[in-house]
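A.B. asks: pasted the sequence and its predicted model underneath.
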Amino acid sequence: MRHPAPLPDALTTLDRTLVMGVVNVTPDSFSDGGLWFDPDRAVAHGLEMLAQGADLLDVGGESTRPGAPRVEPDEELRRVLPVVRGLVGAGAVVSVDTMRPAVAAAAVEAGALVVNDVSGGLADPAMPRLVAEAGVVYVAMHWRGPSDVMDSLAVYDDVVRDVRDELAARLDALVAAGVRPEQVVVDPGLGFAKPGRDNWPLLAHLDVLAGLGRPVLVGASRKRFLGHLLAGPDGEPAPPTARDAATAAVSALCAAAGVWCVRVHDVRASADAVRVGAAWLAARGEPGRGGGRSEE
């Protein structure tokens, strides 16, 4: 699967799955809420992730954990922009995790090269137009509704087919709004309106999503379905930070499946894992499925 465009040569020359480090500038994220809420600490954390092997960094100022309320636009901007500026100034390739066109536009002006929209443009119909005009890479995730109601929307006839078809519809809508196909990355939205049992078929059939003709990003890191998989004898799910080894295992499987990028909280383990996946592909005579030349 080729890289989306436009991205710098430092990324498009990598012939393996990329690693996106998560920089949450929020007080309430499920995985690390509040740890990096201070902008200086968030920038330092991002730079540490780069040193551990992250290829790009995803900065978000609004938690999308189940049940999370929306953040006011001005507050989201206040959280995100100093961190984007600081990381771009340090030479990082930065993605902004937002559903708001105004936040995306400000972050792009500050140097972000990727807009990661968990709503795939459904939360605000102005987002596709903004992405088309900015010309940046756009991650469109499968989404059925806001965090406070998404668990009630987890009804599927066939989760793989339904997610594929709904993402295909989003791709058509994005192109109709002027977004170039080569800008778009698709994300199955693990954990978003999907109970634990529905995430595994999506991971097992990533080739179906790749059949849409676009690079695939997978965000499995520390999510609930891994916590339930690792539950102790008392049935209590493993806490988020105890899910990092399982996350790395998923990263290796994603790399072996030719996924473009994995989005993770613990970078070092997944940076190793994607290299294992690349070596496995090469041994099978299938180099290049994790990257290759840009479509730019």
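C.D. replies: Sure thing, it's come through.

A.B. asks: the protein: strands as residue ranges?
C.D. replies: Using DSSP state E, the strands of the chain run over 18-24, 56-60, 94-97, 114-117, 137-141, 184-187, 217-218, 261-264.

A.B. asks: contact partners for residue 191?
C.D. replies: By CB atoms under 8 Å, 6 or more residues apart in numbering, residue 191 lies in contact with 66, 199, 219, 220, 223, 224, 225. Heads up, the C-betas are built off the backbone N, CA and C, glycines and all.

A.B. asks: list just the nearest of the residues you listed to residue 277.
C.D. replies: Using CB to CB, residue 220 comes nearest to residue 277 of the contacts of residue 191, at 13.9 Å.

A.B. asks: which ones are touching the nearest residue to that closest one once chain neighbours are set aside?
C.D. replies: Nearest residue to residue 220, sequence neighbours excluded (CB to CB, 6 or more residues apart in numbering): residue 250, at 4.5 Å. For residue 250, the residues meeting the contact criterion (CB under 8 Å, 6+ apart) are 203, 218, 220, 226, 262.

A.B. asks: ditto for residue 106
C.D. replies: Residue 106 touches 77, 80, 81, counting by CB under 8 Å, 6+ apart.

A.B. asks: pretty sure the last one contacts residue 110?
C.D. replies: I take that to be residue 81. Yes - using CB atoms under 8 Å, residue 81 is in contact with residue 110, at 5.9 Å.

A.B. asks: any idea how far residue 219 is from residue 47?
C.D. replies: Distance, residue 47 to residue 219, by CB to CB, to the nearest Å: 22 Å.

A.B. asks: kindly report the same for residue 153.
C.D. replies: Remark: distance between residue 153 and residue 219 (CB to CB) = 18 Å.

A.B. asks: neighbour count for those two, which is higher?
C.D. replies: residue 219 (27 against 14; other CB atoms under 10 Å).
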